[in-house]
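**Student:** Next input, structure requested:
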Amino acid sequence: MLRARALDLVTASGAAGTADHTGAVQHARNIAQTFAFATLDLADPASASAAQQLRDHAMADNVAWWQRHTGAKMLVSAHNGHAGYASTDPFLYPKPQGPQLRDIYGHSYVAVGLAVGFPFNNGSFLSNGAVLTDNWKTVTAPPATPDMKRAHPRPGPVPGLLRGPAHRSETGA
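**Tutor:** As a prediction, the model looks like this:
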């Protein structure tokens with residue numbers, strides 16, 4: 001395939017291990033991932049599911065790549081359906097970005113859902129019921145479970161939200 005060939009060519013070129021080469025390979029990988037996603041038939045439910053799985057895997061992969069290459073803490077901004085700990089649609093998204101990042105980083109990966117009008121650990125919102133259609137439906141997020149770090153039962157600021165894992169209080173915030 002052309003996308004794989006282009007990635008292979010970029011990978012084989014340049015001075016391997018240099019920052020410029022490493023960055024060029026990552027950009028080529030992103031392009032290959034995008035082309036792989038774009039080649040799937042989103043009108044076919046099985047292909048749509050494969051496309052979403054490919055996208056969430058690519059998003060998690062890219063976050064892990066950036067973190068490995070910068071060594072820095074990261075803030076990932078994504079829809080709750082991608083970043084949360086559990087899938088909102090097990091057929092379309094059997095394992096979204098969030099659980100993949102949790103597999104990589106363990107409890108150092110913390111998903112924080114934010115919404116207007118209800119606490120982040122439960123509530124409802126409108127979502128498109130099918131890929132690339134106007135089939136909108138209400139989706140309800142379940143309450144947080146104990147393994148989801150902490151349920152925050154009221155709207156408003158979350159105490160300790162910006163603290164890193166090394167600075168947790170006794171309440172887990």
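
**Student:** wait, is Ser127 part of a strand?
**Tutor:** Yes: using DSSP: H, G, I helix; E, B strand; the rest coil, the assignment for Ser127 is a strand.

**Student:** now it, which residues is it bridged with?
**Tutor:** On the basis of DSSP bridges, Ser127 is bridged to Lys137.

**Student:** residue contacts, it?
**Tutor:** Residues in contact with Ser127, defined by Cβ atoms under 8 Å, 6 or more residues apart in numbering, are 81, 88, 136-139. (Glycine included, C-beta is placed from N, CA and C.)

**Student:** Where does pLDDT dip in the chain?
**Tutor:** Within the chain, the stretches with pLDDT under 70 are 1-3, 113-122, 129-133, 144, 146-173.

**Student:** Show me where it has its helices.
**Tutor:** Under the criterion DSSP state H, the chain carries helices at the ranges 2-12, 19-38, 45-70, 80-83, 97-105.

**Student:** can you tell which of these is closest to Ser124?
**Tutor:** Each of the helices of the chain was scored for nearness to Ser124 using Cβ to Cβ, and the closest is helix 80-83 (11.7 Å).

**Student:** The helices of the chain into JSON lines, with extra columns for distance to Thr145 and mean neighbour count?
**Tutor:** Formatted as JSON lines, the helices of the chain follow (distance: least, Cβ to Cβ, whole Å; neighbours: other Cβ atoms under 10 Å):
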{"stretch": "helix 2-12", "distance to Thr145": "39", "mean neighbour count": "13"}
{"stretch": "helix 19-38", "distance to Thr145": "31", "mean neighbour count": "15"}
{"stretch": "helix 45-70", "distance to Thr145": "21", "mean neighbour count": "17"}
{"stretch": "helix 80-83", "distance to Thr145": "15", "mean neighbour count": "22"}
{"stretch": "helix 97-105", "distance to Thr145": "13", "mean neighbour count": "20"}
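
**Student:** Distance to Phe125 added to those helices, as JSON lines?
**Tutor:** Output for the helices of the chain, formatted as JSON lines (distance: least, Cβ to Cβ, whole Å):
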{"stretch": "helix 2-12", "distance to Phe125": "34"}
{"stretch": "helix 19-38", "distance to Phe125": "24"}
{"stretch": "helix 45-70", "distance to Phe125": "18"}
{"stretch": "helix 80-83", "distance to Phe125": "8"}
{"stretch": "helix 97-105", "distance to Phe125": "17"}
